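K.L.:
After the sequence you'll find the predicted model.
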Amino acid sequence: MNRVADISSVVAGLLQVVEQQQQASATLTPELLNSLHLIHGQSLTNALDLIDRRKVVKLVSSSGRWVYQVTGSSGTPYICLPHSIFCQCPAFKFSVLKRRDSVICKHVLAACISIAMGGVEEKSVSDEHMKAILSHLY
């Protein structure tokens with residue numbers, strides 16, 4: 001296995017533990033938060049802030065297509081694709097793709113943790129709106 005696959009497996013495993021702890025006690029233990037912080041560093045703090053401020057929304061079209069919209073700290077909404085590490089933000093392009101010093105950006109991390117904790121707000125959008133969103137991804 002390569003380094004990226006190893007880290008991705010660890011991240012996926014930690015997110016499963018987040019989900020299990022949320023279901024069992026509705027809290028995240030300090031040990032789990034420390035483990036997440038070891039991998040994500042400051043991105044975890046930033047992601048948790050986005051979650052606390054309810055900036056993660058699941059946009060669902062009438063035909064059933066869906067994406068996550070995470071509004072960043074600057075107020076810019078970014079689209080995160082389901083089951084993917086893709087995000088439109090500059091940090092994804094620079095830190096994840098170019099420098100490879102981050103596994104995922106804070107927006108994707110916020111979406112993943114929100115999903116695992118079962119706290120994602122859903123918003124219905126038209127198929128036309130979803131088409132416009134998807135056509136502007138790059």
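P.N.:
Everything's here; your move.

K.L.:
now the strands for the chain?
P.N.:
Listed in chain order, the strands of the chain (DSSP state E) span 56-61, 66-71, 77-80, 121-125.

K.L.:
Give me the below-cutoff pLDDT ranges for this structure.
P.N.:
1-8, 10-11, 22-26, 138 (pLDDT under 70).

K.L.:
Tell me where it has helices.
P.N.:
3-25, 30-40, 42-52, 90-91, 106-117, 127-135 (DSSP state H).

K.L.:
which of those helices is buried the deepest?
P.N.:
helix 106-117 (a mean of 25; mean count of other C-beta atoms under 10 Å). Every residue, glycine included, has its C-beta placed from N, CA and C.

K.L.:
From the chain's centroid, how far away is that one?
P.N.:
For helix 106-117, the separation from the chain centroid amounts to 4 Å (computed by C-alpha atoms, centre = their mean, to the nearest Å).

K.L.:
What helices and strands are in contact with it?
P.N.:
helix 3-25, helix 42-52, strand 56-61, strand 66-71, strand 77-80 (3 or more C-beta pairs under 8 Å, 6 or more residues apart in numbering; DSSP states H and E).

K.L.:
and the last one, what does it pack onto?
P.N.:
Helices and strands touching strand 77-80, by 3+ C-beta pairs under 8 Å, 6+ apart, are strand 66-71, helix 106-117.

K.L.:
Figure out which of these is closest to Leu36.
P.N.:
Of all the helices and strands packed on strand 77-80, it is helix 106-117 that lies closest to Leu36, at 8.1 Å by C-beta to C-beta.

K.L.:
Any chance you could list what contacts that closest one?
P.N.:
If you take C-beta atoms under 8 Å, 6 or more residues apart in numbering as the criterion, helix 106-117 is touched by 11, 15-16, 18-19, 22, 28, 40, 43-44, 46-48, 50-51, 55-56, 68, 70, 72, 78, 80, 84-87, 89, 91-92, 104, 120.
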